[in-house]
Each structure stands twice: as structure tokens, then as C-alpha cells.
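In: okay, predicted coordinates and the sequence, questions at the end:
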Number of protein chains: 2
Amino acid sequence: MPTMQDVANKANVSLSTVSHALSGKRPISKETRERIQQAIEELGFHPNELARRLANKESKILGLFFPRFQTGLSDMQFEFIQAAIDSAESHGYAILLWRSPTSTDEVIKLTQQGLVDGVILMEVRQKDERVDCLRDLNFPFSMIGRTEDNSGISFVDLDNSQAIQDAFQYLVEQGHSQIAYINYPESMVQANYGPAVYCYEGYQKALKKNGLKMITGCCESTSAAAYQVVSQLIRENPHLTALVTPNEAGLPGMYQVLQDAGKKIPADFSVIAIASQRRAERLIPSLSTMDFPTEDEGRMGVDILVDSLQEKDAAPIQKLLKAKLVIRQSSGPVLR
Amino acid sequence: MPTMQDVANKANVSLSTVSHALSGKRPISKETRERIQQAIEELGFHPNELARRLANKESKILGLFFPRFQTGLSDMQFEFIQAAIDSAESHGYAILLWRSPTSTDEVIKLTQQGLVDGVILMEVRQKDERVDCLRDLNFPFSMIGRTEDNSGISFVDLDNSQAIQDAFQYLVEQGHSQIAYINYPESMVQANYGPAVYCYEGYQKALKKNGLKMITGCCESTSAAAYQVVSQLIRENPHLTALVTPNEAGLPGMYQVLQDAGKKIPADFSVIAIASQRRAERLIPSLSTMDFPTEDEGRMGVDILVDSLQEKDAAPIQKLLKAKLVIRQSSGPVLR
DNA sequence: CTGTTAGCGCATTCAT
DNA sequence: ATGAATGCGCTAACAG
């Protein structure tokens, strides 16, 4: 690997001239610039990024704490990451992947070793010690999701509460009056997993606003569990005509119940879930959804972090994204 | 950020003693070791990884060329990446993400800047200029997938040909004699996309071995396209009782055709696809598959690269993984 | 066992 | 407009 010194020798200039020619931070005469350029090409020189970053005291690398478990919505991870990489690249950063640390010690170790200038947290919980730790360290970070107290932190999150409310609003307008809400698994509700909390909050508001009967249950993220829960709700509420859920993992089970009960979608029954477009189009009949703006999340998660990196004491940026209602069921739902 | 020199001062030793105490590459007396340890803790010192890696002349970072487009099987990306990260971490490496370069120049730039010790290629094509370029550069890399000529290169790939043959073998043993094969999109076949090529090769072998009639078609990666193709095949072959496909994106459309034709799975018809477990369990009825060993691919892709990094001129490692047949349809398929 | 010193490859402040 | 010299934080060869 040729170094900058090699280039300097070959072009008969000093090392610093080469450096400045490359960075453009100093006027260089046209002739020497050309000599240098030629030397660079002949040697096939490429600046060593480790050295450059060490001298610059910034790594130009962002860390991404990658989820440790699969909590559903996995289709989206792909689009999310693609968008995050693209955004990072456009800002001159690369993205380094780590499995999300489980202890505060790990967070400290990862952030204090100077490999990354900032980190992006995924799957943030209401109470999240990673967040507390990063805040204490005063280390730059952004969150996909949010905690209970987000003062001073930048984040981008889906407005789950609003998404659920919008879904109910639409169904009510279509004439539905008995609508079930299937929540995330009990364990996630207990653990104060953000989406589970906010979705349920949205459900409560929708109930109140529209004077609806409460018809709800939690279910594990499996089709089998979903089958059980939904079939019981249908038994208890024979006039049920619609269902709203953020628990996309259980959808095939829910579909199965309806099929077994002789209820056709969308002629006899409406289903709306919070999910990605790809996910929606992989069910039959295709799913109506509150579309998850995956790419926006990925892009903005990086953008807000880079912003805080470049303007050291900029105000935190907090974005609540709206899910868009997309009705994919070919014919309309029942009007009662 | 405290540096090693700070620690040395505080512990009243020289910088190199601290360094050696940390690396353990030199015997250190118990007392000084403890003094150093105490200084480290009091200062909250963490070695600067950029500096360490610069001095060591290795970055301990692996680059992953992340797919630029979504070619299906997206459920697997998540598991794949998790496994890759874990394996990398267990070897002391981290993983850096880049969108897969589109030009040779980009490949050169990314590899020659010294930020990564090696790279992992995903979605390798039969003819892949990224591969040619890396080979010319003599830069360490491993592939998920393979090219036409893999001499001297390490890779891990699914044995697609064998997977398709195994699926046919099973169906034939169950008594099926008219079995359709739905290939990848025409464009991917034209482009010599590896999986498309090897799957079709497996299909041809299965035909020959079992003396079957050729019933096949390509279809785009959408449910709509799959619907068209499969419905035509059924029209032309009324006695069709089974279907094999690596094109999982079109599955909902295929299922729909069967449903519309009054054919129940698995009572009247058998479907076997190359897919992940998660994908299989999200269809109704759940899909029988040649299970894609996602995690093995992620882990081994990293393992073989790290191997070649540690033993400079080790022989290339080439692994063809077997997909496991998993019949998920509750009752058995038709016996004729 | 421990200290001194010279790099690793580049950025940058002084000089000229 | 250019060069020389110092530093980024750490490793390791050399010297005791």
C-alpha cells in the first residue's frame, strides 16, 4: 500500500503539500497539483482512512445497535437498513453493526473506544437503561422509537396511537360498530414496550371517541395464539365485523379464524393492521394497513444523528411519523 | 477522553508498560499491574480503537456489501445479519455496512482505504465484476453464493440444484406424476442469477431421473404474475397435483389460483418452495419448504473470511449447504 | 520486569 | 505557494 509519503517523493513535493492538495485546504499551483495527481494515479494511492480519522479525531462511522431478537415486522428491517446506509453515505458516514448491548458496561465500552462518532438505537423500550447510560455519558445518539422521558434526546418514531385511532375512525365511518383490537403479546405490554403502550392508548381513545364496546385481547406473536384469541372474541361477540391489530405476526392465524368461521374478507369482515407494504401484499386477500414508513425512519434516524454531530449543541429533533391508511381489499368493507 | 499516557502518569509507569499490561504480551509485576488497573478505573480509560488498529495495521472490521435491491427472501436478511454479526464479534471483528458497489472503481476505493480487512459479498451473480475485481486486487473476501468460476475463492452457498431435486424426489415418492416448476423471473434467468440457474438445472435433472413431463414457467416476483403463470399451467395440465418453486415472492398468488380452482392444500395439491421457516409459517396453510439455512450462511460467510485473514495462504473454503425438507401441511399430500 | 524510542499514515501549525 | 516539524493514541522493537 503506497502512502502519502510515497506520493510526495514521486511528485518531488513534501508530504504536507500532498495532504493539502487532497483536502483543498490550501492553494496549490496548477503544475504541482497535476504532478501530484499523476503520482497518485501511477501508484494507485488511496488515503488510509484509519490514519485520516485518527488525525481528524472523528471516525465518520455511526454504530447501529441491531435488534437482538425478532419482534416481528422483520420485512421492514431490510428497507430500514438500506435507507439508513444510504443516508449515512450521503453524509460521508458508514454504518457499523453491533448486536444491541445488554448491559450498561457494554454500552460504555462500545461508545468510549472511539470507533463510532454516534449510535442509533432500535427497539427502544419505555424504560431503557441503554438510553439512560448514553445520556449520562453525553454520547451522541438517536433513537428509533422513544422512552418515557425523551427530554433532550432526538428520536424518530411512528405515531402508533394515532395510527390505531385512524384505523378505527375509518372503520366507524364505514359503518362498523363492533371492532376488535388485538394487542401485542402480554409480555411486551408488561415490559412497557413502546408500540404496545401507545397502540393501546390509541385504542382507548378510539373507544371513548366513538362510544365503542371494548373487545380486545393480547396474543403471542404466533398464528396459533392469534387463532385462539380471535376465535374466542368472535364467539363472545357474534356481531363482530372488523379487527384492528399492530400484531402482524399473528395475522395468518386471524385470517384462518375468519375463514373457518365462514367470514370472507372484505365482504363480511374488515382487517386493518399496522404493517409494511411488502407484508400486506403477501397475504391473501391482501391486507389493509396503516402503512409503516420504514424508509423514512431509517433515513431520518441517521439524519437527526448526523445533525447533532455537526452542530454540537443543536436542539434535539423529535419526529412522530404518521402511518398512511391503505385499503387493499378489492371491494369495500361491510356497511351496516 | 483519557489516553494511555494519562494512565501511565497516574500509575507512575511508562506508557509501554501500560500497553503491555493491557495486551498481556509481557510479564508485569502484580503490584504495577494493580496500580495500572486502578488508574484505568479512576480515569475511566478505554483504549482508542482507531489508534490501536492503525498501529496494528489491521482494522478488525469486515465490510458487508448490502444488497441494493430486494430480490425476495427478505425475511432471511434479518437472521442472516444477526448470525454474521455474532460470528464476527466472536472473532473480534465488527461489521461495516455498505450498499453494494456498482462499479469496479467503487470496489477499489472501498477496499484500498484500509477501513476493512476483508469483505463479504451477497447476491453474487454468475458473472460478477465485483468478484473479478477483488480477485485481481488480491483482497480478502468471501461470497454468499458463487460465480461461474470459483477457483481460489471461498464461498458458502445453498445447493439449489439439490434442493429442487429433493423436493421432486419427495413428491414423486408420494405418488405425484404431474409437477410444475415455477422459476425465478425471466430477467433473473437471463442475467444468469445463480439461484435461478442452479434451480433450473436441478429441475432438469429431476425431470430426467423421474421421467416427468416438463411443466414450467418463469414468473415475476409478484403475486399477480404468479397467478397468471400458474393458472395457465393448470389450464394446460388439468391433472397437475403439485408445484415446486424457489420464487417465494409469488406464493400468495399461487395459493390464490389453487383456491379459486377449488384445489385444497394439501388434500388436493402439494406446494413446496425454497424459503425460510418464518416465511413458511406466515402462509395459510403453512408452507412445506426446503428450509433455507439462513443462520448457517451468515455465520459461515464470516467464518471462512476470518479464516483466510488469519491464515494468509490457507486453501479456499467452499461450502454447499443442504436445504432441509420440512413438510408443514398438516395432512399428507395426495397419493395416486 | 520496566523504560525509551521509533513508527503506523495522515492533518496541521509554524515557518519561509 | 511550499516545506519542516509536531501530534493523533497506540504497538513493539530495542535497551537496560
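Out: Sure, I can see it.
In: for the nearest residue to residue A:48 once chain neighbours are set aside, give me its contacts.
Out: Leaving aside its chain neighbours, residue A:48 sits nearest to residue B:114 (4.4 Å; criterion: Cβ to Cβ, 6 or more residues apart in numbering or on different chains). Every C-beta, even on glycine, is put in place using the N, C-alpha and C of the backbone. Contacts for residue B:114 were tallied using Cβ atoms under 8 Å, 6 or more residues apart in numbering or on different chains; they are A:1, A:46, A:48-51, B:59.
In: cool, residue A:26 as well?
Out: Taking Cβ under 8 Å, 6+ apart as the definition of contact, the neighbours of residue A:26 are residue A:20.
In: helix, strand, or coil at it?
Out: On the three-state scheme (DSSP: H, G, I helix; E, B strand; the rest coil), residue A:26 is labelled coil.
In: and it, how far from residue A:33?
Out: The gap separating residue A:26 from residue A:33 is 11 Å, by Cβ to Cβ, to the nearest Å.
In: next one: residue A:307
Out: When residue A:307 is compared with residue A:33 (using Cβ to Cβ), they lie 34 Å apart.
In: wasn't residue A:9 part of a strand?
Out: No. The assignment for residue A:9 by three-state DSSP gives helix, which leaves it out of any strand.
In: that one: how many residues sit nearby?
Out: For residue A:9, the count of nearby residues is 16 (other Cβ atoms under 10 Å in any protein chain shown).
In: that's a helix at residue A:231, yeah?
Out: Yes. For residue A:231, which was evaluated using three-state DSSP, the result is membership in a helix.
In: in this structure residue A:294 contacts residue A:274, no?
Out: No. Under the contact definition of Cβ atoms under 8 Å, residue A:294 does not touch residue A:274, with a separation of 11.7 Å.
In: name the residues contacting each of the two.
Out: Where contact means Cβ under 8 Å, 6+ apart, no residue is in contact with each of residue A:294 and residue A:274.
In: any idea how far the worst-scoring helix or strand of chain A on mean pLDDT is from the chain center?
Out: Of all the helices and strands that make up chain A, the one with the lowest confidence by mean pLDDT, DSSP states H and E is helix A:277-280; it has a mean of 81. Computed by Cα atoms, centre = their mean, to the nearest Å, the chain-centroid distance of helix A:277-280 equals 16 Å.
In: can you check stretch A:105-116 too?
Out: On the basis of Cα atoms, centre = their mean, stretch A:105-116 sits 22 Å off its chain's mean C-alpha point.
In: quick one: buried residues of stretch A:229-237?
Out: A:229-231, A:233-234 (16 or more other Cβ atoms under 10 Å in any protein chain shown).
In: which residues are contacting that stretch?
Out: Around stretch A:229-237, the neighbours that count as contacts under Cβ under 8 Å, 6+ apart are A:178, A:180, A:182, A:213, A:215-219, A:240, A:243, A:250, A:253-254, A:257-258, A:260-261.
In: name the SS class of residue A:239, please.
Out: Secondary structure, three-state DSSP: residue A:239 is coil.
In: give the contact list for residue A:219.
Out: With contacts taken as Cβ under 8 Å, 6+ apart, residue A:219 has the following neighbours: A:182-183, A:185, A:225-226, A:228-230, A:247, A:250.
In: give me the pLDDT value at whichever residue of chain A sits closest to DNA strand D.
Out: Closest to DNA strand D within chain A is residue A:27: 2.5 Å, counting by Cβ to the nearest atom of the strand. You'll see residue A:27 listed with a pLDDT of 91.
In: just the contacts of residue A:219: which are in helices?
Out: A:225-226, A:228-230 (DSSP state H).
In: so can I have JSON lines of these showing pLDDT?
Out: Below are those laid out as JSON lines (pLDDT from 0 to 100):
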{"residue": "A:225", "pLDDT": "87"}
{"residue": "A:226", "pLDDT": "90"}
{"residue": "A:228", "pLDDT": "92"}
{"residue": "A:229", "pLDDT": "95"}
{"residue": "A:230", "pLDDT": "96"}
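In: now, which of those residues sits nearest residue A:286?
Out: The shortest approach to residue A:286 among the ones in helices among the contacts of residue A:219 belongs to residue A:226, at 18.1 Å (Cβ to Cβ).
In: and for the residue nearest to the closest one when sequence neighbours are not counted, the neighbour number?
Out: Across the structure, with Cβ to Cβ, 6+ apart as the measure, the residue nearest residue A:226 apart from its sequence neighbours is residue A:250 (2.9 Å). Around residue A:250 sit 27 other residues, with neighbours defined as other Cβ under 10 Å.
In: do the same with the one 3 residues further on
Out: Neighbour count for residue A:253, taken as other Cβ under 10 Å: 25.
In: can you check the one 3 residues further on too?
Out: Residue A:256 is surrounded by 19 other residues when neighbours are defined as other Cβ under 10 Å.
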